[in-house]
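In: Could you look at this predicted model? Sequence included:
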Amino acid sequence: MWRELATIGRSSSTGGYRRYAWTGADTDCRAWFREQALARGLAHETDRNGNQWAWLGDPGGTDAVVTGSHLDSVPDGGAFDGPLGVVSALAALDELRRRGARPTRPIAVTNFADEEGARFGLACVGSRLTAGRLTREQAYALRDAGGTTLPQAMEAAGQDPSALGPDPERLARVGAFVELHVEQGRALDLSGDPVGIASAIWPHGRWRYDFAGEANHAGTTRLADRRDPMLTYAETVLAARREARLAGAVATFGKVAVEPNGVNAIPSLVRGWLDARAADQDGLDTVVAAIERAAGEHARRDGVDLTVVRESFTPVVEFQHALRDELNRLLGGALPVLGTGAGHDAGILSASVPTAMLFVRNPTGVSHSPAESAAEDDCAAGVLALADVLEGLACR
Ligand code: HGY
Ligand code: MN
Ligand code: MN
């Protein structure tokens, strides 16, 4: 399974993945998922929001135990973020069959659409829509850098967007959702454990900063006459690092767009995207407000106009203690329980259904990079742990 998926959407130059929602690579990942489902005799369906479900047992049944993750990636992402959860879910079903386990509840494997938000800027679009945390109107307003809207992109990929929206009936049939994911940090490497259980997800969001200045000639415009938005952007990036350090948070400007982006032209506009996260909402509010304040001060000094728009936000997630503790009991009771600053579909769904997460050790902690890795033995341990969880929850 892993080798068949590994070639899809992989850049030959960087080795990173470019599986953006509703592009050809995403379509190929979806086709792979459907083939894997049908090869196992699972009932495959794509829901109104483009999420794929592969059912063992009655797709219309209730109290289902659902497990899965996402197949889309960040630009030049790693092989494991998302796919490890989907492949491990399918492999865990294979393990249940090998054990002769007899499910008494429906089990489903999912591939949630557009978790990374790499193309349209909003994280977890498929699960947000299904959970009613993104309206049809908001989804229809999403555009990529080329101006293509989400519904246009879905239609071009053969997915009908006309029914985008909440799916309460579907979620009412889910008794528990468990997402396995490669750890995006080094806690398990430091503790020496192959598998861990999630306690919480930090609150986090994405803010677009537009710095509007005045285009002019790089060679003839006196420094005193410039309204250079690149200067204000640069000061804001430095302020983000300073304020994050002071607040014990994290803040990143990882994406920037410059107009007209000419070597010998002072930009008219610089657009920078801030990703900010903190252990609690107060910390996040503090760092976000401090960065915006600093940007405003620099903008005034530089004669630049500043606009800040929040494009994505996920509040803190505390996974349900009962399911978290049930997983720990099913796995021997001694697994480490750890928080994360990374967002996940499980975080979005946790407001609608009992959710839990399993993490698999990442020896370097590196993620959102072609260098992301996980040892095969640890991945196998994750599959067995997920199989134990599915057997314990769904095969009473
Ligand atoms: O950004 C995140 O935390 C996740 O990878 N979507
Ligand atoms: Mn990710
Ligand atoms: Mn992920």
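Out: Right, received. Where do you want to start? Numbering: from 1, shown residues only. Ligands and ions are numbered 1, 2, ... in the order given.
In: and Pro151, that's in a helix?
Out: Yes. With DSSP: H, G, I helix; E, B strand; the rest coil as the criterion, Pro151 is part of a helix.
In: Looking at Pro59 now. What's its pLDDT?
Out: For Pro59, the model assigns a pLDDT of 88.
In: can you pull the buried residues of the helix ranked longest in the chain?
Out: The residue-count maximum for a helix in the chain (DSSP state H) belongs to helix 281-302. Using 16 or more other Cβ atoms under 10 Å as the test for burial, helix 281-302 gives 283-284, 286-288, 290-292, 294-295, 298-299, 302. Backbone N, C-alpha and C define where each C-beta goes, glycine included.
In: and which of those is nearest Val316?
Out: Nearest to Val316 out of these is Leu284 (Cβ to Cβ; 8.5 Å).
In: quick one: that closest one and Gly100, what's the gap?
Out: From Leu284 across to Gly100, the span is 48 Å (Cβ to Cβ, to the nearest Å).
In: Then Ala234?
Out: To Gly100, Ala234 is 62 Å away according to Cβ to Cβ.
In: between these two, which one's more packed in?
Out: Just comparing Ala234 and Gly100: by other Cβ atoms under 10 Å the higher neighbour count belongs to Ala234, 16 against 7.
In: just to revisit the earlier point, next, report how far the longest helix of the chain is displaced from the centre of its chain.
Out: 25 Å (Cα atoms, centre = their mean, to the nearest Å).
In: Tell me the helices and strands packed up against that helix.
Out: strand 204-212, helix 229-247, strand 269-277, strand 305-314 (3 or more Cβ pairs under 8 Å, 6 or more residues apart in numbering; DSSP states H and E).
In: For the longest one, give the mean pLDDT please.
Out: pLDDT averaged over helix 229-247 equals 98, rounded to a whole number.
In: Only the buried residues of that helix, if you could.
Out: Buried, per 16+ other Cβ under 10 Å, within helix 229-247: 229-237, 239-240, 243-244, 247.
In: Pull the contacting residues for Asn261.
Out: Pro267 (Cβ atoms under 8 Å, 6 or more residues apart in numbering).
In: What pLDDT is listed against it?
Out: Looking at Asn261, the pLDDT reads 98.
In: Asn261 belongs to a helix?
Out: No. Using three-state DSSP, the secondary structure at Asn261 is coil, not a helix.
In: gap between Ala294 and Leu238?
Out: Counting by Cβ to Cβ, the gap from Ala294 to Leu238 is 9 Å.
In: Quick one: mean pLDDT over the strand or helix carrying Leu327.
Out: Assessed by DSSP states H and E, Leu327 sits inside helix 321-330. Over the span of helix 321-330, the pLDDT mean works out to 97.
In: Could I get the buried residue list for that helix?
Out: Buried positions in helix 321-330, judged by neighbour count with 16+ other Cβ under 10 Å: Leu323, Arg324, Glu326, Leu327, Asn328, Leu330.
In: Could you point out which residue ranges in the stretch 151-300 of the chain have low pLDDT?
Out: For the stretch 151-300 of the chain, applying pLDDT under 70 flags no range at all.
In: one step back: now the helices and strands packed on helix 281-302 in JSON lines, with distance to Asn51?
Out: Output for the helices and strands packed on helix 281-302, formatted as JSON lines (distance: least, Cβ to Cβ, whole Å):
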{"stretch": "strand 204-212", "distance to Asn51": "21"}
{"stretch": "helix 229-247", "distance to Asn51": "33"}
{"stretch": "strand 269-277", "distance to Asn51": "24"}
{"stretch": "strand 305-314", "distance to Asn51": "18"}
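In: looking at those, which is closest to Phe177?
Out: With distances scored as Cβ to Cβ, the stretch of those nearest to Phe177 is strand 305-314 (15.9 Å).
In: what does stretch 5-21 contact?
Out: Counting by Cβ under 8 Å, 6+ apart, 23, 25-26, 28-29, 32, 71-73, 75-79, 83, 87, 113-114, 116-120, 125, 150, 153, 369-370 sit against stretch 5-21.
In: go on, stretch 245-260?
Out: Contacts of stretch 245-260 (Cβ under 8 Å, 6+ apart): 145, 209, 215, 230, 233, 236-237, 240-241, 243-244, 267-279, 283-284, 286-287, 290-291, 341.
In: Mind doing that once more with 7 Å?
Out: 215, 233, 237, 240-241, 243-244, 267-278, 283-284, 286-287, 291, 341 (Cβ atoms under 7 Å, 6 or more residues apart in numbering).
In: Render the CA-only coordinates of it in CSV, please.
Out: Only the C-alpha atoms of stretch 245-260 are listed here, as CSV (Å, rounded to 0.1, in the frame of the first residue of the first chain):
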residue,chain,number,x,y,z
ARG,A,245,9.4,34.1,22.4
LEU,A,246,8.0,36.6,25.0
ALA,A,247,4.6,34.8,25.1
GLY,A,248,6.0,31.2,25.1
ALA,A,249,4.1,30.7,21.8
VAL,A,250,5.1,30.0,18.2
ALA,A,251,4.6,32.3,15.2
THR,A,252,5.7,31.8,11.7
PHE,A,253,5.5,33.8,8.5
GLY,A,254,6.1,31.0,6.0
LYS,A,255,4.3,32.3,2.9
VAL,A,256,4.8,35.7,1.2
ALA,A,257,3.6,37.1,-2.1
VAL,A,258,5.1,40.3,-3.5
GLU,A,259,3.6,42.5,-6.2
PRO,A,260,4.9,43.2,-8.8
